[in-house]
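Asks: Sequence plus predicted model, see below.
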Amino acid sequence: MNYQPNARGYYGEFGGAYIPEMLYPNVEELQENYLQILGDPEFQREYQKLLRDYVGRPTPLFEAKRLSAKYGTRVFLKREDLCHTGAHKVNNTVGQILMARRLGKTRIIAETGAGQHGVATATVCALMGMECIVYMGKIDMERQRPNVERMRLLGAEVRAAVSGSQTLKDATNEAIRDWISNPVDTHYIIGSVVGPHPYPDLVARLQSVISEEMRKQLHEELGRELPDYVVACVGGGSNAAGAFYHFLDEPSVKLIAVEAAGHGISSGHSAATSVLGKPGIIHGSRTLLMQDEHGQITEPYSLSAGLDYPGIGPLHAFLGTSGRARFISIEDEQALYSVAELSRLEGIIPALETAHALAALPQLGAGPEDVVVVNLSGRGDKDLATYLQFADKLNSYDF
Amino acid sequence: MENRIANAFAKKQNHLLNVYLTAGYPTLDATVPLIETLASSGADLIEIGMPFSDPLADGPVIQASSTAALLNGMNLWVLFAQLKDIRQRVPETPILLMGYLNPVMQFGMENFCREAAAAGVDGLILPDLPLAEYEEEYQDVFRRHNLRPVFLITPQTSPERIRRIDALTESFLYLVSGPGTTGGGTTQDPTKQEAYFERIAAMNLRNPRLIGFGIGDKTSFDRACRYAEGAIIGSAFIKALEGKEDAPAAAREFVESVLN
Ligand SMILES: Cc1ncc(COP(=O)(O)O)c(C=O)c1O
């Protein structure tokens, strides 16, 4: 099976570029240039240097012994939480800002849910001295307050998206509208493997450093490059795409994508797109999409601001429907338990998004000899307000 | 095959007014009375917006009317039921449906085209339908039902692409006046905008042109008509209906203010 998109950006029936004409020249410019720029040795030299000296790569692969003992399997954590700014998102923004510069763009826009992508974008804009505008749902601005302040401190302008559910989907709508209004000088740094072609492929390639390092590190640690399981949470799917990328063509590696079930899949308050979605078009991509019978996009829900997106990247829609990846959905409560668990067993406070991936461990069916790599996509600092709100619950668990 | 859009452009060579309304706005049942009023008060074409939850290319006014229409209960089933007898009431004026692809996909393109044609719709504007996908997947269905696609052109659209769009079109070209979503006073300076309109006019394209986005009153309408066969008014019309008890009366007053 081929897991790379075709020339028009399709992974099987998913992907493409369903955009109004106003966006066409921008998107076409990217389509025509992104592979060449990514392949340019000078670009790679700059990108790799920034990944090393600025982001802090390679990130460690850490064997979580107490977690392993508890679940009866060998659990390794890929420490993306140790990246500069606290999540994997910066791998993508470093690459895209270099690309934007090469395309002669002077103004950067982005959308953000949890605020991690917004912070990562504001960070590289500060680094490069570029104007930065981040769209964020009004509700997300409230529940991810520290990240709003971080973005402002970094010199970015944060604009509230007040339409719809006032979360990630609406922030993305506003960013796209901004791009429509500013077609010449602006580059849109999209934060996940979503949007029109070439974004899903571009972001997947920029995040693929995660699995590239995993292979090397597993080889050094265990003498084998291939784990038995790779587990990652999926909002749009960028950390999962990066963690899966170099294992896509290794059928022995089981790929586990973990979605947010919110209050439960059939509760009406969920973001489990692979279960609740049907093929549809969101933000320029044909993918699985949560929608009503009339094709109106429905409002997703998750306690975590980075997972409540009503779609998934087209690559993941393809991996899920073709059976290459297994999708698991995790409820708010289970994720909160995993926040406490990783904090107490390993001394690592994970992001709420990441906790969904950890909560899938008991469902894998992994044996004592199996090697499981969980992509620890981000750290929990940004979620402290939420964790405080649930402090009694989090402190009540016994480990 | 005969089509009302072609007839309208044959009958009148300039100052064609195309008015956009959102189906189901300001009230669910306003759609048909508004179409009738628009036609009788002088609109040359009528564009019916099919409301969508996430209208990416639309500014605040049409976003709000779409949200209101959805809350009013508008959907494609309701719309086609409302349009069932529209050709008895409005026999000549071309009617186009405009909207985003997702609701149409869920309805099914074949079903959608069949229902639209049965209601007497003449053209379809689906801004997020890519040209290649149109040609490969949908051109046949459109043709079978004598539905004419309309594609958008912007100041950034390349000449080659404009020629390709012109070749795929048998209705009119929708010239977006400048960068921006619907309703936005475009940020384009007037000289640049004129140069763009004149550049397109000089291409000797086979289809007539209507200019849209940011056209809102007699002045902007007349100005647009200097460079094209006519213009499209959307947001300003929707705004004129806001909070009006008698929407058709407000519609008539609006159209007359633009044309007279
Ligand atoms: C720490 C962390 N993990 C995961 C995600 C989800 O995004 P994606 O699915 O693109 O990795 C986010 C998004 O904000 C995040 O902040």
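Replies: Yep, that arrived.
Asks: Helices of the stretch 51-200 of chain B, start to end?
Replies: Assigned by DSSP state H, counting those that start in this stretch, the stretch 51-200 of chain B shows helices spanning B:60-72, B:76-82, B:86-89, B:101-107, B:109-119, B:131-133, B:139-144, B:159-168, B:190-201.
Asks: so, in contact with chain A or not, the fifth one?
Replies: No: contact check for helix B:109-119 against chain A, using CB under 8 Å from any CB of the partner chain: none in range, with a minimum separation of 10.5 Å. Just so you know, the C-beta spots here come from the backbone N, C-alpha and C atoms, and that holds for glycine as well.
Asks: Ok, the first one next?
Replies: Yes: counting by CB under 8 Å from any CB, chain A has neighbours in helix B:60-72: B:Gln63, B:Thr67, B:Leu70.
Asks: how about the nearest residue to the residue nearest the centre of chain A, chain neighbours excluded?
Replies: The C-alpha lying nearest the average C-alpha coordinate of chain A belongs to A:Ser238 (CA atoms, centre = their mean; 3.5 Å). Spatial nearest neighbour of A:Ser238, chain neighbours left out: A:Ser192 (4.2 Å); criterion: CB to CB, 6 or more residues apart in numbering or on different chains.
Asks: circling back: dump the helices of the stretch 51-200 of chain B to a markdown table, plus distance to A:Ala110 and mean neighbour count.
Replies: What follows is the helices of the stretch 51-200 of chain B, written out as a markdown table (distance: least, CB to CB, whole Å; neighbours: other CB atoms under 10 Å in any protein chain shown):
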| stretch | distance to A:Ala110 | mean neighbour count |
| --- | --- | --- |
| helix B:60-72 | 21 | 21 |
| helix B:76-82 | 34 | 18 |
| helix B:86-89 | 44 | 14 |
| helix B:101-107 | 24 | 22 |
| helix B:109-119 | 34 | 18 |
| helix B:131-133 | 28 | 14 |
| helix B:139-144 | 37 | 14 |
| helix B:159-168 | 28 | 15 |
| helix B:190-201 | 28 | 15 |
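Asks: Quick check: phi and psi on residue 230?
Replies: I went with chain A, as the question did not name one. Per-residue torsions, A:Val230: phi -120, psi 130 (degrees, to the nearest 10).
Asks: actually chain B
Replies: phi 180, psi -170.
Asks: where's it relative to B:Val61, distance?
Replies: According to CB to CB, to the nearest Å, B:Gly230 stands 21 Å off from B:Val61.
Asks: residues near the residue of the stretch 1-150 of chain B found nearest the ligand, how many?
Replies: Per CB to the nearest ligand atom, B:Asp54 is where the stretch 1-150 of chain B lies closest to the ligand, at 19.0 Å. B:Asp54 has 23 neighbouring residues, counting by other CB atoms under 10 Å in any protein chain shown.
Asks: same check, this time on A:Val124
Replies: By the criterion of other CB under 10 Å, A:Val124 has 28 neighbours.
Asks: Check which residues of the helix or strand containing it are buried.
Replies: Using DSSP states H and E, A:Val124 sits in helix A:116-128. For helix A:116-128, burial by neighbour count (16 or more other CB atoms under 10 Å in any protein chain shown) applies to A:Gln116, A:His117, A:Gly118, A:Val119, A:Ala120, A:Thr121, A:Ala122, A:Thr123, A:Val124, A:Cys125.
Asks: So which elements touch that helix?
Replies: helix A:89-102, strand A:107-112, strand A:131-137, helix A:145-153 (3 or more CB pairs under 8 Å, 6 or more residues apart in numbering or on different chains; DSSP states H and E).
Asks: Deepest in the core, which of these is it.
Replies: strand A:107-112 (a mean of 27; mean count of other CB atoms under 10 Å in any protein chain shown).
Asks: lowest-pLDDT helix or strand in the chain?
Replies: If you meant another chain, say so; for now it's chain A. helix A:138-143 (a mean of 90; mean pLDDT, DSSP states H and E).
Asks: My question was about chain B, not that one.
Replies: Across helices and strands of chain B (mean pLDDT, DSSP H and E), lowest is helix B:190-201: a mean of 93.
Asks: ok, then the element right after it?
Replies: strand B:209-212.
Asks: check whether that following strand contacts chain A.
Replies: No: using CB under 8 Å from any CB, strand B:209-212 stays clear of chain A, coming no nearer than 11.8 Å.
Asks: Residues contacting that strand, please?
Replies: Residues outside strand B:209-212 that contact it (CB atoms under 8 Å, 6 or more residues apart in numbering or on different chains): B:16, B:18, B:45, B:172-177, B:182, B:197, B:200-201, B:224, B:227-234.
Asks: Can you give the distance from the helix or strand following that strand to the centre of its chain?
Replies: Downstream of strand B:209-212, the first helix or strand assigned by DSSP H and E is helix B:218-225. Computed by CA atoms, centre = their mean, to the nearest Å, the chain-centroid distance of helix B:218-225 equals 17 Å.
Asks: Buried residues in helix B:218-225, which are they?
Replies: For helix B:218-225, by 16+ other CB under 10 Å, it's B:Ser220, B:Phe221, B:Arg223, B:Ala224, B:Cys225.
Asks: Equivalent analysis for stretch B:145-159, please.
Replies: Residues of stretch B:145-159 classed as buried by neighbour count (16+ other CB under 10 Å): B:145-157.
Asks: ok so, going back, for the residue of the stretch 1-150 of chain B closest to the ligand, give me the pLDDT.
Replies: Listed pLDDT for B:Asp54 reads 96.
Asks: What of B:Asp217?
Replies: According to the prediction, B:Asp217 has pLDDT 96.
Asks: B:Leu259 is in contact with that one, correct?
Replies: No: counting by CB atoms under 8 Å, B:Asp217 does not reach B:Leu259; the two are 11.1 Å apart.
Asks: domain ranges for chain A?
Replies: As assigned by automatic domain parsing, chain A contains the domains A:10-51+A:89-203, A:57-86+A:208-396.
Asks: what does the stretch 151-300 of chain A have sitting close to the ligand?
Replies: A:Ser192, A:Cys233, A:Val234, A:Gly235, A:Gly236, A:Gly237, A:Ser238, A:Asn239, A:Ala240 (CB under 6 Å from any ligand atom).
Asks: ok, now which ones touch the second one?
Replies: Residues in contact with A:Cys233 (CB under 8 Å, 6+ apart) are A:239-240, A:257-260, A:307, A:353-354, A:356-357, A:375, A:377.
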